[in-house]
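K.L.:
got a sequence here, can you model it:
(2 chains)
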Amino acid sequence: MEKMGFGNVTSTSKTMKIIDTEKKISVLIVEDDLLIQKIHKVMMTKFGTEVQLAANGKEAVDLFLSGASFDLILTDLEMPIMDGIEATKQLRSMGVTSMIVGVTSRNHDSEIQAFMKSGLNACYVKPLNAEKVTAVLNELKNI
Amino acid sequence: MDRNKQHRQVALMRQSLFDQGLLDEQFVQLEELQDDANPNFVEEVVTLFYRDSARLILNIDQALDKSPLDFAKLDSYMHQFKGSASSIGAKKVKSECTLFREYCKAGNGEGCKRTFQQLKKEYALLRKKLESYFQLARQVGPVETACRRI
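P.N.:
Predicted coordinates:
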């Protein structure tokens, strides 16, 4: 599983399981590709989270500026108007402490490193799958 | 044809898509997202893929007609295309995308053009096979247990 930032997290189960939590985890999916939006939204909903979508980094930042908050942000890297790196930097400079996880099709170390440096908690190569989502949500639960 | 036989036919058709290397594990991930709340999820996602990627194919075709070739632009288009193909588990299409990008990095225009022709063949073949599979699956109705054998 290609990831950075969580150390050695393993998941033996490939099946989806709803993470036991008192309240639903709120997730913001920041992604311009409609296909990926659809897949990730259904996937995260199936894991029992509440999902909202933003089509680019600026929409994500504007949501936080309007007072919204999310437990978890899943953000693409390359997006129009504002990319994932800039959005993450802005969110962190605004004092946003949500877990921010990058989800990108870029897989070169230098590109992932640059994305991580912007303030991510972790970064995964697309596509998301049950194993990666389980790892993210378990880590979120432990924070 | 009795129901069990029909279900077996659907299962065999599905398995052949994996055996022929057309699909990978990501397709199974999509199938696992399908439920009563999203009963046609896989077909919807595949339909969305073919609808969105048609634009990219046109862009790439037009870019390949230009001279000199803009390899950075071609690579960018193909990067997008590969991301979408990966998301539906289109294994062979994804391989051709990877090869195309290697030719872009090498500045090999002929390689790009040749690979793109092959990519379009794989893309069309997968579409045809998935359409047949979904049509049969719809006729037969849902199976009670998922078949994960791949």
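
K.L.:
who's in contact with the residue most central in space within chain B?
P.N.:
In chain B, the residue lying closest to the centroid (C-alpha atoms, centre = their mean) is B:Ala90, at 3.4 Å. With contact taken as C-beta atoms under 8 Å, 6 or more residues apart in numbering or on different chains, B:Ala90 is in contact with B:22-23, B:49, B:122-123, B:126. For glycine as for every other residue, the C-beta is placed from the backbone atoms N, C-alpha and C.

K.L.:
for it, phi and psi?
P.N.:
As for B:Ala90, its main-chain torsions (degrees, to the nearest 10) stand at phi -80, psi 90.

K.L.:
show me the contacts for the spatially most central residue of chain A.
P.N.:
By C-alpha atoms, centre = their mean, chain A has its centre lying nearest to A:Leu74, at 1.7 Å. Applying C-beta under 8 Å, 6+ apart, we find A:Leu74 in contact with A:27-31, A:40, A:44, A:101, A:103, A:128, A:136.

K.L.:
closest to A:Glu111 out of those?
P.N.:
Proximity of the contacts of A:Leu74 to A:Glu111 was ranked by C-beta to C-beta; the top entry is A:Val103 with 13.1 Å.

K.L.:
returning to that earlier point: could I get the contacts of A:Leu74 in CSV, plus columns for secondary structure and distance to chain B?
P.N.:
Listed next are the contacts of A:Leu74 as CSV, based on DSSP: H, G, I helix; E, B strand; the rest coil; distance: C-beta to the nearest C-beta, whole Å:
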residue, secondary structure, distance to chain B
A:Val27, strand, 15
A:Leu28, strand, 19
A:Ile29, strand, 14
A:Val30, strand, 15
A:Glu31, coil, 11
A:His40, helix, 9
A:Met44, helix, 10
A:Val101, strand, 17
A:Val103, strand, 10
A:Leu128, coil, 8
A:Val136, helix, 15
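
K.L.:
can you pick the most crowded of those?
P.N.:
Using other C-beta atoms under 10 Å in any protein chain shown as the neighbour definition, those reach their maximum at A:Val30, which records 32 neighbours.

K.L.:
pLDDT score assigned to that one?
P.N.:
Predicted confidence (pLDDT) at A:Val30: the value is 98.

K.L.:
ok, back up a step: now, the contacts of B:Ala90 that are in helices?
P.N.:
Among the contacts of B:Ala90, the ones falling in helices (DSSP state H) are B:49, B:122-123, B:126.

K.L.:
most widely separated two among those residues?
P.N.:
Among the ones in helices among the contacts of B:Ala90, the pair separated by the greatest distance (C-beta to C-beta) is B:Phe49 and B:Glu122, at 13.4 Å.

K.L.:
more crowded one of those two?
P.N.:
Taking neighbours as other C-beta under 10 Å, B:Phe49 and B:Glu122 compare with B:Phe49 leading, 24 against 20.

K.L.:
for chain A, see how far away the more buried one is.
P.N.:
Relative to chain A, B:Phe49 is positioned 6 Å away (criterion: C-beta to the nearest C-beta, to the nearest Å).
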